[in-house]
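>>> Fold the following, please.
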Amino acid sequence: MINTLTIESGKINFIRTGPRSGNTVVLLHPMGMDLTLWGDQILALKTKFDVIALDLPGHGFSGRLEGEHSFENLATVIVSFIENISVEAFHLVGISYGGMIAQEVAIRNPDLVLSLTLIATACTFPDSVRQILRDRAEFTRNKGIVALAPLSLARWFTPEFSAERPDVIDRITKLLYLQDAFDHATIWDTVASLDSESRLGELSLPALIIVGDKDASTPIASAEVMAKALKSNNIQIVKNAAHFPMLEKPELVNNLLLTFFDSL
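Modelled structure (predicted):
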């Protein structure tokens, strides 16, 4: 059953499961995907936590983002949604693009965020990488999602996982094909503008950083920059995983999340 909430900034599709008496965990998915990517994590977390996963604006069954596409506007939507479902504070988990939004949410609303888990993401990029991201946006506008998809899949998963789990690759490809090419390109331009490193230093909250050792998009070096900014030494490297470690190594990622939350 589709579960949507209409707020001032538009429609948000979400699921909520687990005991309401437990601490709340909010999950933010990668660009081009939807909340179903968190399936293994939802199953593991819902026994102890009030788990909320949502389709980000412009994804799944959520409405498009109104106004300028920026991390600031995206964070405003997330917080408005959370406030509308009467959650006072929450553990925030984001992967890739979702992790970039999660950073902005925490920076702008530190009193709401109990902890921050950043998976396969970054807080800044060298100028050379920013140009690559802008070129990717232009490629998407000119060539379309179907042309972009194989390039994205090659970055997101190790060859071994792609060969072993063609069903997952098929599911991810179908989700990606649902994206509007122009909107997807706009997201890449927004990602190219990311620069939250200095502002992360203003935060004082528990943080967990997870990165795959085969992640070429947001490598271990990116995780180390975030850890330094957050004054955290809690970097967990997932071996033999690329950009989507929660899909390639779900049990390991689940254990990392549960151990981290239990430690708090």
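>>> Sketch out the helices for the protein, chain order is fine.
Here the chain has its helices, by DSSP state H, at 39-45, 71-84, 97-108, 127-143, 145-156, 159-164, 166-177, 181-192, 197-200, 220-230, 245-248, 250-263.
>>> who wins for proximity to Met31 among the ones you listed?
Nearest to Met31, of all the helices of the chain, is helix 97-108, at 3.8 Å by CB to CB. Heads up, the C-betas are built off the backbone N, CA and C, glycines and all.
>>> now the closest one, how far from the centre of its chain.
Centroid separation for helix 97-108 versus its chain: 9 Å, with CA atoms, centre = their mean, to the nearest Å.
>>> Just the buried residues of that helix, please?
Tyr97, Gly98, Gly99, Met100, Ile101, Ala102, Gln103, Glu104, Val105, Ala106, Ile107, Arg108 (16 or more other CB atoms under 10 Å).
>>> can I get the helices of the chain in TSV with distance to Gly212 and mean pLDDT?
TSV is the format used below for the helices of the chain (distance: least, CB to CB, whole Å; pLDDT from 0 to 100):
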stretch	distance to Gly212	mean pLDDT
helix 39-45	15	98
helix 71-84	23	96
helix 97-108	13	98
helix 127-143	18	98
helix 145-156	10	97
helix 159-164	10	98
helix 166-177	15	98
helix 181-192	18	98
helix 197-200	21	97
helix 220-230	9	98
helix 245-248	4	98
helix 250-263	10	98
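>>> I'd like those helices as CSV, with distance to Gly60 appended.
Shown next, in CSV, are these (distance: least, CB to CB, whole Å):
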stretch, distance to Gly60
helix 39-45, 13
helix 71-84, 14
helix 97-108, 12
helix 127-143, 19
helix 145-156, 15
helix 159-164, 23
helix 166-177, 8
helix 181-192, 13
helix 197-200, 28
helix 220-230, 26
helix 245-248, 17
helix 250-263, 20
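>>> Of these, which is nearest Glu8?
Closest approach to Glu8 among these (CB to CB): helix 71-84, 6.4 Å.
>>> can you list the residues that contact that closest one?
5, 7-10, 12, 14, 26, 28, 52, 54, 56-57, 65-67, 90, 100-101, 103-105, 108-109, 112, 190, 193-194, 196 (CB atoms under 8 Å, 6 or more residues apart in numbering).
>>> Taking the buried residues of helix 97-108, tell me the two that lie furthest apart.
The widest separation within the buried residues of helix 97-108 (CB to CB) is 17.0 Å, between Tyr97 and Arg108.
>>> circling back: just the buried subset of the contacts of helix 71-84, please.
9-10, 12, 14, 26, 28, 52, 54, 56-57, 65, 90, 100-101, 103-105, 108-109, 112, 190, 194, 196.
>>> hmm, back to that, name the nearest of the buried residues of helix 97-108 relative to Arg141.
Nearest to Arg141 among the buried residues of helix 97-108, counting by CB to CB, is Tyr97 at 17.7 Å.
>>> My read is that that closest one contacts Ile187, right?
Yes - between Tyr97 and Ile187 there is a contact at 6.6 Å, judged by CB atoms under 8 Å.
>>> Mutual contacts of these two, please.
Common contacts of Tyr97 and Ile187 (CB under 8 Å, 6+ apart): Met31.
>>> Tell me, how many residues neighbour Phe182?
12 (other CB atoms under 10 Å).
>>> out of everything not next to it in sequence, what's closest to it?
Using CB to CB, 6 or more residues apart in numbering and skipping residues adjacent in sequence, the residue nearest Phe182 is Arg141, 6.3 Å away.
>>> What separation do you get for that neighbour and Leu148?
Look at Arg141 and Leu148: by CB to CB, to the nearest Å, they are 10 Å apart.
>>> just Gln179 next, same as before
To Leu148, Gln179 is 9 Å away according to CB to CB.
>>> and if you look at Ile220?
Remark: distance between Ile220 and Leu148 (CB to CB) = 25 Å.
>>> between those two, who's got more neighbours?
Set side by side, Ile220 and Leu148 show more neighbours around Leu148, with 21 against 15, by other CB under 10 Å.
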